[in-house]
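K.L.:
the sequence and its predicted three-dimensional model are supplied below.
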Amino acid sequence: MRKICFIYPALMLASLCGFAQSAASPGQKNTGNGYTLVWADEFNIDGAPNPENWKFETGFVRNHEIQWYQPDNVRCNDGFLIIEGRREQKPNPGYKPNSANWKTNRPTIDYTASSLYTNGLHSWQYGRFEMRGRIDTSPGMWPAFWTLGVKGEWPANGEIDIMEYYRNMLLANVAWGTAKQYTAEWRSTKKPMDSFNDPNWSKKFHVWRMDWDETAIRLYVDDELLNSVSLSETVNKDGTGINPFRQHQYMLLNLAIGGDNGGDPSQTSFPQRFEVDYVRVYQKK
C-alpha cells in the first residue's frame, strides 16, 4: 500500500507529526530478505500525531488501570513520539456515587496517559512489524506495542503483544479465544529484566519485532527470539473454527499505569515516558 501525499500549507504540515516519512518511505526500503516497507511513521514533524495514521482511546478503558487516557499526553518532538504518564488530579466526568463499575465509581482521575491505535485507518495481514523505542521500567508502568484483530470481540479477534512490560518483566504474548466468552488462551514469554545483565537497559532504545506469516507468529527484541507460536495452535475454541490470525490486525501504542498487572506507581516519580523512534510495517510481495 503506497500512501498518496497531498500538498498542504506549511502551517498545517507542522501539525501533522509523521506526515513526512523521511528516507524510509513505503516501497523504498527493502530489508534484504524479501520484505518491502509498506507503511511507516517516523514521527519527524513536531506536534500532534498524524491523524491519517492514529486515533486515540479516551477515558478509563480496560484492566482496571488507573490512568485516564487522553490525547493531551502525547506529542511528537525531535523525531520521537512521546507518550507521557502524569500524576495529576481532576474530576472523573463519568463518576456515579455508589456505582459498582470500576470506571464510574472513582470520583477523581489521579493519573493520565495516552493510547493510540490505527483501527479504521490502517490494518495488515501478515508481515514484519517493527518498533524502536525506549520504555521506562519504574514501578507501576505498563507500556505496550501490540495488535488486535479487526473482526470479533476480544479475545476471539486475536491479540499479539509484541512488546509489553510490567512488574520487572518484559513480555511477548499471543492470545486467542476459548470456549468461555472473554477468556483467552495465552502463549506467553516473561523475561525478567535482570536477565539482560544490563542495569542501564531501560535507558536505551531497543527494537521490538514481529514476523507473522501463514505458518507462525515470532516475537523478538533486538533480534533475540522471545516467543514463537504456530498458527496451527491458534484456532478459537468457541466452535466457530475461526483462526483470528488469518485476518487483518491493527496496531496500538499505549502507556498504561497500575491496574490488574501494572503494579503500584505510588512511589514512582512523574512524569514518565514511553518514547518511540519509529514504527514500520514490511510485507512480502
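P.N.:
Good, I have the coordinates.
K.L.:
low pLDDT regions in the stretch 1-150 of the chain?
P.N.:
Residue ranges of the stretch 1-150 of the chain with pLDDT under 70: 1-28, 32.
K.L.:
please redo it, this time with the cut-off set to 90
P.N.:
Scanning the stretch 1-150 of the chain with the threshold set as pLDDT under 90 gives 1-33.
K.L.:
show me where it has its helices.
P.N.:
Here the stretch 1-150 of the chain has its helices, by DSSP state H, counting those that start in this stretch, at 10-15.
K.L.:
can you map out the strands along it?
P.N.:
In the stretch 1-150 of the chain, the strands defined using DSSP state E, counting those that start in this stretch lie at 35-41, 55-56, 67-69, 74-77, 80-91, 108-113, 115-117, 127-135, 141-149.
K.L.:
in the sheet, who's paired with T147?
P.N.:
Beta-bridge partners for T147, by DSSP bridges, are I160, M251.
K.L.:
please tell me I have it right and it contacts L252.
P.N.:
Yes - T147 lies in contact with L252 (Cβ atoms under 8 Å); the separation is 7.0 Å. Any C-beta I mention is one placed from the backbone N, CA and C, and that applies to glycine too.
K.L.:
what about the two, which has more around it?
P.N.:
Taking other Cβ atoms under 10 Å, T147 and L252 do not tie; T147 has more neighbours (26 against 21).
K.L.:
number of residues surrounding P143?
P.N.:
The number of residues packed near P143 is 27, by other Cβ under 10 Å.
K.L.:
same check, this time on D238
P.N.:
If you count neighbours by other Cβ under 10 Å, D238 ends up with 15.
K.L.:
that one against A156, yeah?
P.N.:
Yes - counting by Cβ under 8 Å, D238 does reach A156; the two are 6.1 Å apart.
K.L.:
which residues do these two both contact?
P.N.:
Overlap of the contact sets of D238 and A156 (by Cβ atoms under 8 Å, 6 or more residues apart in numbering) consists of G177.
K.L.:
most tightly packed of the strands of the stretch 1-150 of the chain?
P.N.:
Sort the strands of the stretch 1-150 of the chain by mean neighbour count, taking mean count of other Cβ atoms under 10 Å, and strand 67-69 sits at the top with a mean of 26.
K.L.:
and that strand, what does it pack onto?
P.N.:
For strand 67-69, the packing partners by 3 or more Cβ pairs under 8 Å, 6 or more residues apart in numbering; DSSP states H and E come out as strand 108-113, strand 249-257.
K.L.:
looking at those strands, spot the one closest to R132.
P.N.:
Checking the helices and strands packed on strand 67-69 against R132 by Cβ to Cβ gives strand 249-257 as the closest, at 12.1 Å.
K.L.:
give the next helix or strand downstream of that closest one.
P.N.:
Following strand 249-257 in sequence order, the next helix or strand is helix 259-262 (DSSP states H and E).
K.L.:
got the buried residues for that next one?
P.N.:
Buried residues in helix 259-262, counted by 16 or more other Cβ atoms under 10 Å: 259, 262.
K.L.:
averaged over its residues, what pLDDT does that helix have?
P.N.:
On average, the pLDDT along helix 259-262 is 96.
K.L.:
and that helix, what does it pack against?
P.N.:
On a contact count with 3+ Cβ pairs under 8 Å, 6+ apart, helix 259-262 meets strand 141-149.
K.L.:
let me have the strands of the stretch 1-150 of the chain in TSV, extended by distance to I242.
P.N.:
Listed next are these as TSV, based on distance: least, Cβ to Cβ, whole Å:
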stretch	distance to I242
strand 35-41	25
strand 55-56	25
strand 67-69	29
strand 74-77	34
strand 80-91	32
strand 108-113	33
strand 115-117	22
strand 127-135	20
strand 141-149	10
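K.L.:
how near is D161 to T147?
P.N.:
Using Cβ to Cβ, to the nearest Å, we find D161 at a distance of 8 Å from T147.
K.L.:
could you do R280 as well?
P.N.:
Distance of R280 to T147, given as Cβ to Cβ: 14 Å.
K.L.:
touching both of the two, which residues are there?
P.N.:
Counting by Cβ under 8 Å, 6+ apart, the common neighbours of R280 and T147 are F129.
K.L.:
sec struct for S202, please.
P.N.:
Assigned with DSSP: H, G, I helix; E, B strand; the rest coil, S202 falls in the helix class.
K.L.:
that one: how many residues sit nearby?
P.N.:
Neighbourhood size, S202 [other Cβ under 10 Å]: 17.
K.L.:
doesn't M193 make contact with it?
P.N.:
Yes - the criterion here is Cβ under 8 Å, and S202 meets it with M193 at 7.3 Å.
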